[in-house]
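**Student:** Provide a 3D model corresponding to the input given below.
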Amino acid sequence: MLVPTMALLMITLALGLAMLSVVDTQARESGRQRVSESTFNLAEGTANATAAVLADGWPARTTATCALPMAEGGLDAPADPVTVPERIRAILASSYTDGDYDDGAAWEVHLCDDGLSGTHQVTWSDDALTQPAWDANGNGRMWIRAQATVGGRRQAMARLVQVGTVSPLPTGYAAIAGQLSFAGDLSVTLNSLLTGALLGPFVDLLVTNDKLIQGGKLGIRCGLLPSLCTTSASAAVSTIPLLQSALLGTKVQQYGAPTALRARDLDDLVRQATTTNTSVAQVAAGAPCIPSGAAATAVVYVEKVGDGSGQCTVPTQTQRIVIVGQGGIKVAANASYTGVLLALNRQAPAKRLREVVTIGSRAKVTGAVFVDGGGTVGLPQPNLDLCAVDPQLLGNVLGLGSLFGGLTCTLTNVLNATNTTAKAQSLVTGLLPQLSGYGPAVVYGASQIAAVTTRATVATVPNTYMQIAPHER
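**Tutor:** Below is the predicted model:
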C-alpha cells in the first residue's frame, strides 16, 4: 500500500506544480497584456490630445522637419499650460493616473505634412518623417504620429487629420467702427445736429436707405460723437448707449465688442498670410497694401504702414481680406474693391489717425469694412449743391418764403436755420435727386464674409488610423 500511495502523491504533486506554473505564466502574461493595453491607450490618448490642441492652433510655418518630436514628455502636470507641449501634457496628466503610469511613462508626438505621393498620402510611411513639420502644401491635412512607452513597452500609431474651418467674421455687418466720418458738405452734420430735427432724416437718407451702406448693418461703438468713445483701443466700447438708436432703428446698431476678430482667429489669419508669403512687415505710406502678384484667395497682412500713422492704398482688385496692424487703409478714388478690409488700429496714441479707413470719392467696397477700437471709417460724400435745389423749396425750409434767391448755398447755414422735422424732410427731398445716382460706398457681401475662414475642428480622415511599428527614443 505504501508504494502506490507514494506514487499517487508524486503524481498529484507533479500535477500541482504544473498547474502552479500555468497560473504563474498566465498571471505574467496578463500583466504584460495590461501594460501593453496601457501603452496603447497612452499612445492613442497622445494622438487625441494633439488633435484637440491643433483645433485651437494649426501649426505655423517652420523650417523644421517632423523627424524631431513636436512635443514629448512624461505625465507630470505643468503648473501653467501655455505652449502646445504643455497643453498636451496637461491633458495626458489628468487622464492617465493608473499605477501602470507611475514609473517612467513617456510619450512623444510628431506632426508631418502629407506631402508624399501615391498611397502614402493616406497610408503612413516612415518616409513622412522627412516632410515639413507644418502644413506646407496648404491642404489642411497633416499626419499625427504618436508613441508611448510604459513599463519598457512601446506602442505607436498614426492618423491623418483634416482641419475644419469656420467663418470668424461678424455676419450681417457691412461696416463696424468706432464711428463714421463724412467728407464734403456733410462733414459736420451729425456732430452739430445730434439732438436736432435733421439727424434722423439725414442719417436715414445716407445709411438706412442704402445711399452709403447697402445690404448690411452698420455697427458703431462710440455713437455719433467722438466724446462718447474712450481713447483706449482695447477698451473702446462706449459706456454710453447709442444715443440715436431710437431714430435709426435696426440698421445702425451699437456694437459691443472692441475687435471684429478673436485673438486666436486673427493669429490663424496671420499664419495663412505667412504661408502664402503675403505677410509684410512694413510698407511705405501711400504704397499699395497688397503685394504684387498676390492671389485673390490669399490673406494679406501688413504689420505697419510707414511709422504707423500712414495709410496704404487699395486699388480696383479682388482680395479675400486685407489686414493692417498699425496704420490705415485708403480705397483709391473710383476703385472697386471686392473683399474684406480689417484695420486693427494698433498705432500708438501719438500716431492715431483721424480716419483709419478712408473710402475715396466714388469708390466702392463689396464685402465689408471693419475697424477695431474707436477707429473711424471715412465715407465719401458728393458735394451737395444747394443752389441747384428749387429756391422756393429752400426758402420755405428757411422760413423766407419766395424771398430766398441765392441768399446762401452753405449747407451749415441751412442746417442751423432748420429746426422742424417737416422742414428737414423737405430739405432731404430736395437733395435726394443729387444722391440717387451716387451709389453706396460699402455693399455688404455675404460670400466675401464667408470666404474668410480660420481653423476650427480637427477630425481623423476615414480609414487612415493605424497602429505602426515604434522606434527607439
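**Student:** Tell me where the model's unsure across this structure.
**Tutor:** Low-confidence segments of the chain, defined by pLDDT under 70: 18, 20-32, 182-211, 223-250, 381-439, 473.
**Student:** those helices in it, which residues are they?
**Tutor:** Shown for the chain, the helices assigned by DSSP state H span residues 2-54, 84-95, 189-192, 199-203, 245-248, 263-275, 391-398, 411-417, 421-436, 446-451.
**Student:** Tell me how far the nearest residue to residue 95 once chain neighbours are set aside lies from residue 105.
**Tutor:** Setting aside the residues directly before and after it, residue 95 is nearest to residue 45 in space (C-beta to C-beta, 6 or more residues apart in numbering), at 5.8 Å. The way it works is simple: take the backbone N, C-alpha and C, and place the C-beta from them, glycine included. Shown here: residue 45 relative to residue 105, a distance of 11 Å by C-beta to C-beta, to the nearest Å.
**Student:** what's the overlap in contacts for these two?
**Tutor:** Shared contacts of residue 45 and residue 105 (C-beta atoms under 8 Å, 6 or more residues apart in numbering): 96, 148.
**Student:** my guess is the residue nearest to residue 95 contacts residue 97, does it?
**Tutor:** No: under the contact definition of C-beta atoms under 8 Å, residue 45 does not touch residue 97, with a separation of 11.8 Å.
**Student:** who's more crowded, the two?
**Tutor:** A side-by-side neighbour count of residue 45 and residue 97, using other C-beta atoms under 10 Å, places residue 45 first with 18 against 10.
**Student:** longest single strand anywhere in this protein?
**Tutor:** In the chain, assigned by DSSP state E, the strand with the most residues is strand 153-166.
**Student:** what's in contact with stretch 269-285?
**Tutor:** Counting by C-beta under 8 Å, 6+ apart, residues outside stretch 269-285 touching it are 58, 60-61, 135, 138, 261, 289-291, 294-295, 298-307, 309-312, 321, 323, 327, 452, 454.
**Student:** measure it end to end?
**Tutor:** Using C-alpha to C-alpha, to the nearest Å, the end-to-end distance of stretch 269-285 comes to 23 Å.
**Student:** That one: which residues count as buried?
**Tutor:** Neighbour-count burial for stretch 269-285, counted by 16 or more other C-beta atoms under 10 Å, picks out 269-273, 275-276, 278-280, 283, 285.
**Student:** again with stretch 143-157
**Tutor:** Buried residues in stretch 143-157, counting neighbours by 16+ other C-beta under 10 Å, are found at 143-151, 153-157.
**Student:** Now for those residues: which two are most distant?
**Tutor:** With C-beta to C-beta as the measure, no two of the buried residues of stretch 143-157 lie farther apart than 143 and 151, at 27.0 Å.
**Student:** wait, isn't residue 302 in contact with residue 327?
**Tutor:** Yes: A contact is recorded between residue 302 and residue 327 when judged using C-beta under 8 Å, the distance being 7.4 Å.
**Student:** shared neighbours of these two, anything?
**Tutor:** Shared contacts of residue 302 and residue 327 (C-beta under 8 Å, 6+ apart): residue 312.
**Student:** what sits against the residue nearest to residue 66 when sequence neighbours are not counted?
**Tutor:** Using C-beta to C-beta, 6+ apart and skipping the chain neighbours, the partner closest in space to residue 66 is residue 112 (3.8 Å). If you count contacts by C-beta under 8 Å, 6+ apart, residue 112 has them with 66, 128-129, 131-133, 142-143, 145.
**Student:** In strands, which of these fall?
**Tutor:** Among these, the residues falling in strands (DSSP E) are 142-143, 145.
**Student:** and which of the residues you listed is nearest residue 219?
**Tutor:** Top of the list for closeness to residue 219, among the ones in strands among the contacts of residue 112 and by C-beta to C-beta, is residue 142 at 36.5 Å.
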